[in-house]
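Asker: Structural data only, the sequence is not supplied:
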């Protein structure tokens, strides 16, 4: 359950969110994306109140997301997965949809597997496909739910470079991640949550040094807070 969670995301900003298990991080992402409806409060996007809009409506406005566990359409090819995202999620069609998909494939280094069925992909390529599908919707803001989970350090480094390129295109990012040293390579600001509340918000190093943040992690992975 979320309680008095309040923050703003600037245009083109990359915001990281950390916190122990059960802190409310994924619930927050679901509220932002429209999968959950808040019982109180409001969600604003580009000077409009989008609280009553569905996840599909928010996606067409420019709020894209990835999920911690990728669930592509397994019997479709990689390209067909992206076309579905571009047409149904992004609301475009024809040449525009195709061009958007090709751009997403190139950005996520997936051109070589574009015609492979999604069910044949390994973890790294499933993660890339999850990201490419979100990009194919034409997002203004991308919400990442532990997109680095399960990746090796080398694979995570490739992911970070892709995310940096996405940022260079002006897309804002909200990124939930337990692998803090990976997160720190791509964000401007860090939020820490605990028990459904924000307990720290600001410069990443200052947040990680905050006594309340350290206390929240005690017994549950405080060692992960140290950047590598």
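Answerer: Arrived safely. Just so it is clear, the model here is predicted, and its values are computed rather than measured.
Asker: Residue 177: what's it in contact with?
Answerer: Residue 177 makes contacts with 16, 17, 18, 144, 146, 147, 148, 149, 183, as judged by C-beta atoms under 8 Å, 6 or more residues apart in numbering. No exception for glycine: its C-beta is placed from N, CA and C like everyone else's.
Asker: ok, and the closest non-adjacent residue to the fifth one?
Answerer: Setting aside the residues directly before and after it, residue 146 is nearest to residue 68 in space (C-beta to C-beta, 6 or more residues apart in numbering), at 4.4 Å.
Asker: what residues are up against that neighbour?
Answerer: For residue 68, the contacting residues are 26, 145, 146, 147, 149, by C-beta under 8 Å, 6+ apart.
Asker: Among those residues, which are located in helices?
Answerer: Using DSSP state H, the members of the contacts of residue 68 that fall in helices are residue 26.
Asker: Out of the contacts of residue 68, who's the most crowded?
Answerer: In terms of neighbour count, residue 147 stands highest of these at 27 neighbours, by other C-beta atoms under 10 Å.
Asker: how near is the residue nearest to residue 146 to residue 39?
Answerer: Using C-beta to C-beta, to the nearest Å, we find residue 68 at a distance of 24 Å from residue 39.
Asker: Quick check: which ranges of the protein have low pLDDT?
Answerer: Within the chain, the ranges that satisfy pLDDT under 70 run 218-228.
Asker: ok, back up a step: confirm that the residue nearest to residue 146 sits in a strand.
Answerer: No - Residue 68: not assigned to a strand; according to DSSP: H, G, I helix; E, B strand; the rest coil it is coil.
Asker: Residue 52: neighbour count?
Answerer: 10.
Asker: mind listing what the most centrally placed residue in the chain touches?
Answerer: For the chain, the residue sitting closest to the mean C-alpha position, by C-alpha atoms, centre = their mean, is residue 144 at 1.2 Å. Taking C-beta under 8 Å, 6+ apart, we find residue 144 in contact with 65, 66, 163, 173, 174, 175, 176, 177.
Asker: how about these in TSV, adding distance to residue 202?
Answerer: Below are the contacts of residue 144 laid out as TSV (distance: C-beta to C-beta, whole Å):
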residue	distance to residue 202
65	24
66	25
163	21
173	17
174	15
175	16
176	17
177	17
